[in-house]
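Q: A structural model of the following input is requested.
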Amino acid sequence: MIWYLLYPLRGTTEVPVLAATHPLRTAFSRYAKYTACHVRTVLTIATAVIFFFLYLLPFLYTSDATNITSGVSKLPHHVWTDAQPLGDGAMVEPDVIMRPIWIHGSYMKALERDVLLGALDLQDELLGPTTNFNPRQPTNTLELPDTTTDLTPQQRDTFHIVNGLTDQSWFFHSPLQYWSGSRENILADQDILATVNAGKTQSTSVNVTLRHSIVFSGKRFEERRLVAADALVITLIHLRNSPVGRQWVRKAEALAAERADMWKIIPADGKSHSNQLYDFQFRPLSWTDWVLLTIAYCFTLLYLLSCLAKIRAVKSRLGLMVTILVQIIASIGSSFSVCAIFKIDLSRIPSYAYPLVVLAISMENSFRLINAVIVTSSTISNSDRIGEAFGATAHIAIANRVQNLLILWGLSRITFPGVAAWCAFAAIATMFDFFYLSTFFLSVLSLDVRQRELVELEKASLKRTKSAESTSQKMSYVDTFRQFRLGETAVSTRIAGTIVLIGFVLIAQSHYAPEGRRHWLNQIFSLSWRKAVRGAPKSSLLIDIHQARSPTSWLRLQDHETAREVIKVVKPTAHSYVARVYDPIVFVLKGSDRIPRTREPMLLPAVYDFIHREIPGFVVTLLMVVAGILLFANYLLKDEYPNDGGPEHPEDEPLISVRTLSKGHNLDVAMMAAAPGGQLVSVGLDRSIQIWNVLSGSKASVLCDHEVPLENPFPVLNMAIDQKSKWLALVSWQRVYFWSILNQQWTGTKDIDLCAHKPEAVFFKRKPESAPSLVIVRKNGTGLEIPLDGSEAKEFSICKTPLIWAVPFADKSHHSHHRSSFTSILTASRKSCIHLVRQQDNEWVSTEVDLGESESKGVHCVLPLPSLSMYLIGRSKSVDLVDLDTSTIIHTFSTEPMKPRSLKQISLTRSQQSCLTSLTLAYVSMETGELVLQTYLPEDEDNLLCSYTPAEFSSTVQRGWGPSKEIKRHIANPGVWEALASGSIIGVREKLAPTRPRSASSASSSSSSSGPIGLRRRGVNRTDDHPDNATRCWEAWVINHPEANSELETRQLDIPDAAGVPDGGHLLISEVGPMVKLGAMSVAVGFGNVVKVISAGHEYFDQVSDGLGAESLLNLGSRRKKANGRANGHNLRSAG
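A: Model (predicted):
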């Protein structure tokens, strides 16, 4: 709502979006990221807070009518209740008149025996004898006595209301009725406090319970028992023509003169000079109230279910709904507890109304956060995902709550006390709701996202684009509909909480309007009732006796059960009555000490009882609950630690983690290849070959005998590992060598002819039911398939011109002639012709892609997108997106001048659907050498960039590129880099660092270090290249989601790695070695004679899906290539 009010200043009603670098957004993002990394800690703290306030509830509240005033708060029922003073100008005839007297002894010692006996004397003087009071009399007619004559007991009892309701009726309340008004009973009572506590359920002759709230003032409770009172309250209630009332007034004046020696009487003349009209209500919910509230709850429930139905994480819907409801219940319960602690009376509003506003406000903000998580990339790290979402929405949630707090504060200033108390409750609940949203809900949502089977939370509403024609036909209707929407959230939902809040306050206000519901709107707009609420009764002369509670506040404390009982007596068919309440005549026993010796407790007595009695049990129960929460969190996160069930990565681990694989090579690592499951093969210039298990950190050597030709694969030109990490193929100039990784032995060789050129691609072909075959794509445009079962090798032709690019991929398209994915090949030649090579009847068939003469120029790379049945064609200044099935160009992207073979891509799709939602083109600029990232997103986040389902393909389907927006950014000095399936980009670059002054001893020690002199000292004396007194150092960098304008995170590589391995064991680095992708979130890079494994988050090294499998089969270049060729040689990317 605040955004609509600010429209004249802002010129828009859209919710403001903070820039990614805004300090508030950064702070919120860091907090949420911390929460996501420390789920156990934050969830435990939030659960402890929730448990504390909910645990307090049964100790602070009671629904037992007899315990309502025993130091605990009153639970609201399905009634509107209040004791509301009416304005001086209220033209209302009172139903009854109330005349109280208050009897004080010393401060908080009204229950002493002498005070009770003195009060009994005063009561008998005012009303006549009241011992064993039983007013029931036979029905008869009496003449009204003279107003100056005292009534006989029989006359007095005849007018009692128990004998019939007339305008002369009367009845009274007195604490002395606990002893039946008998002096002997008081004197004989050995435990007055026990009698008082036992008599709180005692009823008078008119069935009004003698609760402590109506017969005592200034009470003190311990363990729900009355232990002290400051005043005895005797109240006469009579109708306007009651002779008992006239006698009371006359006798009170006489007592002021006769008992002045024993009592200090205020006022001194015994006359009550002021009075106030009060409206006592006990109004049950009407059928209209029930219907309105039920409809409101039904709409709220439908809203909750509809929002959950749009979330495609089916397994998490129930969990999210339970979490939202737990958050709402916790907010309501916590607010109830705080209100009880600070003595805010919530019993005046029906209990059915309390959850409504919290439901509306809480769900609005919870779903805003969920949707923000959904629209973030599901491939980035979980903590970044939560941080990005919370940073984008937290300021909106805070603004809405501040707005609602201001509205509630303003309404509380001009509404009746019952409504003002509800406003206080709603304000406290709103603050608790944000606290639980940012702790409990955020941590549970993080848990939900971190569960690997639920990691693909998708966008709120899915729209299937069946054809471009149907989309264009519906566009006008959609645009018309959106005119009624402001931002991503409809007007009805964005301000629903505020509307419900204000609407309920106005409705509740109508129930307390003294002139009736017909005039309540007039009262609201004229504020004529403000004086009624804030106009306190005229003050009395009671300040100097230090009353523990004033008469006004005592009236406000009268509980609704007493009001209900009195209403049944004076107006049996009504739900309220108006009483003219006179200021009490106060009797203070002379010689009493009225100076308070101790401060009255500020909090509810039940709070102190809880502290003194319940802390041990609470602590034990809390520890059990916390232990249960921790066990449950560990159960949910158990799959994150596949090795030993424990945290392989600490929760506060930074985004970039580095592991060092050392002691495998003596000289530089020249070539690497990776396979699923964390298998990595490295070849060094020392003519050694190591097979690393990155997950366990173990390694095995390939046994090479340089004296035996069939066991000497050097020089290794290329290599490949099969999908199951069983076979390693090493390609040299004249032979292919096969090594069994499982048996760690050579299994054979095969003579080959490479025609004096390195192969463009080497990979194992997928064969589900037999041993795999090795496929070699030669540079001359031919291919060779070598089966591992000993069968004859097969030659096949691809292109008549030399190739410059070849890449295998898992073909899932409609025309692949296989129900499951098989390996196909995409190639590009020097003449820019593109060929698609597929398997048909166990043969390789090459088909040239016809894109038209104008489109077949300047091709330098081809990148498949298997899950989308598309591929990208990289040119010098553009990139084409091509349909794999129809060979038609779907869209052409303009780029900056691009270095050849530097193009990579990140394509993100929806889970279990071939729907492209984000595409990032990454390449090196020919002009500046910077890394350029061009990210394309749908203009409307509910739409798609491009969609396709192979099972539904037909020749009539035309795949189109939807409306998109481009986000471009540049990264200077990228170095060697890779784009990963997780959506991250990892690179290693050289940076300049100031040289630290070196002592002579350290310089001498450095120059005399052991090892090969030329190698160990390589790069030491290169400071001449950097005249600014700088030395070389290397850092890894990661950018997580380019479309979010996230910051570049870096980590220096010449420091101990995540396992604590120091960096001093590698050779000095002049240039970084080869880099290969290792899993979905990691790369392996040659760093001198060691291998650095750099991860962007927590890598699990799972067996990858078909969409990712092929890219791990590739050799991504040799150390001996130039930097660009080495780093950006062969690239296979598949849909995320």
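Q: name the helix or strand for the closest residue to Arg875 other than its chain neighbours, please.
A: Leaving aside its sequence neighbours, Arg875 sits nearest to Gly858 (CB to CB, 6 or more residues apart in numbering; 4.4 Å). In short, each C-beta sits where N, CA and C put it, glycine included. Take DSSP states H and E as the rule and Gly858 turns out to sit in neither a helix nor a strand.
Q: also Ile873?
A: Going by DSSP H and E, Ile873 is part of strand 870-874.
Q: what do you get for Ser106?
A: Per DSSP H and E, Ser106 falls between elements, in no helix or strand.
Q: shouldn't it be in contact with Arg597?
A: No. Under the contact definition of CB atoms under 8 Å, Ser106 does not touch Arg597, with a separation of 9.6 Å.
Q: more neighbours: these two, which one.
A: Ranked by neighbour count (other CB atoms under 10 Å), Ser106 and Arg597 place Ser106 first, with 17 against 8.
Q: look up which helix or strand Val762 falls in, please.
A: Judged by DSSP H and E, Val762 forms part of strand 761-765.
Q: meant to ask about Ala674, not that
A: strand 669-675.
Q: Thr660 now?
A: Here Thr660 is assigned to strand 656-661, by DSSP H and E.
Q: what strands line up against that strand, and which way round?
A: strand 1090-1096 (antiparallel) (DSSP bridges).
Q: got the contact list for the spatially most central residue of the chain?
A: With distances taken as CA atoms, centre = their mean, Leu442 lies nearest the centre of the chain, 2.7 Å away. The contact partners of Leu442, by CB atoms under 8 Å, 6 or more residues apart in numbering, come to Ala32, Thr35, Ala36, Val42, Leu369, Ile386, Phe390.
Q: hmm, try it at 7 Å
A: For Leu442, the contact set (CB atoms under 7 Å, 6 or more residues apart in numbering) comprises Ala32, Thr35, Ile386, Phe390.
Q: three-state assignment of it?
A: helix (DSSP: H, G, I helix; E, B strand; the rest coil).
Q: need phi/psi at Leu305.
A: phi -70, psi -40 (degrees, to the nearest 10).
Q: ditto for Asp157
A: When read as degrees, to the nearest 10, the backbone of Asp157 gives phi -70, psi -30.
Q: state the distance from the residue nearest to it when sequence neighbours are not counted to Ser169.
A: Spatially, and ignoring its direct neighbours in sequence, Asp157 is nearest to Pro135 (4.0 Å; CB to CB, 6+ apart). Using CB to CB, to the nearest Å, one gets 10 Å for the distance from Pro135 to Ser169.
Q: any shared contact partners between the two?
A: Joint contacts of Pro135 and Ser169 (CB under 7 Å, 6+ apart) are His160.
Q: who does the host helix or strand of Phe610 touch, helix- and strand-wise?
A: Here Phe610 sits within helix 605-613, counting by DSSP H and E. The contact analysis (3 or more CB pairs under 7 Å, 6 or more residues apart in numbering; DSSP states H and E) places helix 605-613 against helix 39-60, strand 216-222.
Q: got the buried residues for the helix or strand following it?
A: Proceeding N to C from helix 605-613, the next assigned helix or strand is helix 615-636, under DSSP H and E. Of the residues in helix 615-636, those buried by neighbour count under the rule 16 or more other CB atoms under 10 Å are Phe618, Val625, Val626, Ile629, Ala633, Leu636.
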